[in-house]
Every structure is written in structure tokens, then in C-alpha cells.
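Enquirer: With the sequence up front, the predicted model follows.
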Amino acid sequence: PIATETVTLPAGPDSLAKFPFSMEVHLRKLGMPTILKDGKIILLGDYVVCTEGDVLNAQQAQLLKLLQHDMDCFRLNVICRWSKGGDFQEYVDQ
């Protein structure tokens, strides 16, 4: 998958406030510079999860999933169709 946009998280506790303290170790294993302070996960510096146009690796994909940040773009080009009556219609590409 290719990143459709650049995703950057600002340093501090607000970027990761929705995660429970128990996720800190997992986020650190995924490459994020984090620390646990007073039961809150703190991002130690601005962190670029992905850059637009780059191929996503497994860690980036997992982080985007945890952040609930969708990168999918589904497109469908209809070139022809069959109808219930058995008629076939081909569409001309514009």
C-alpha cells in the first residue's frame, strides 16, 4: 500500500491520549519515541508516521490502524455490464 497523505504526530501527551498506559511498550516497539509519565503516554518528539507517496511498511500500517487513520482509496471503473434481461452494454472510456 502507498501512503495517500503525510501523517505527523506532534510531540507531547495529546497525540496519544486515547491509548491506555499499557500500549506504551507496543508503540515504542513500533518505532515511536515514547515514555510513560504519570500513567500517560508522552510522545518525546514530533513523529512522522508516513510520507505521501511512500510505500507503507508493516510498522507504519499497524500505527495507522491503531490511530484509526484510513489510507485506503477504492476505485472502480465500470467498463461494461449485463442486465437481468441478458442485455450487454459496453461503456466507452471518456
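Expert: Sure thing, it's come through.
Enquirer: Helix or strand: which one has the residue nearest in space to the middle of the chain?
Expert: Residue closest to the average C-alpha location in the chain (CA atoms, centre = their mean): residue 64, at 3.2 Å. For residue 64, the host element (DSSP states H and E) is helix 58-66.
Enquirer: What are the buried residues along that helix?
Expert: Residues 60-64, 66 are the ones in helix 58-66 that count as buried (16 or more other CB atoms under 10 Å). C-betas here are computed from N, CA, C, even on glycine.
Enquirer: Likewise for stretch 7-23?
Expert: For stretch 7-23, burial by neighbour count (16+ other CB under 10 Å) applies to 7, 9, 15-16, 19, 23.
Enquirer: Do you have the strands of the protein handy? List them.
Expert: Remark: strands assigned in the chain by DSSP state E are 7-9, 34-37, 40-43, 47-50, 80-82, 88-90.
Enquirer: would you turn those strands into TSV with mean pLDDT and distance to residue 71?
Expert: Shown next, in TSV, are the strands of the chain (pLDDT from 0 to 100; distance: least, CB to CB, whole Å):
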stretch	mean pLDDT	distance to residue 71
strand 7-9	97	8
strand 34-37	96	22
strand 40-43	96	20
strand 47-50	96	8
strand 80-82	90	30
strand 88-90	89	33
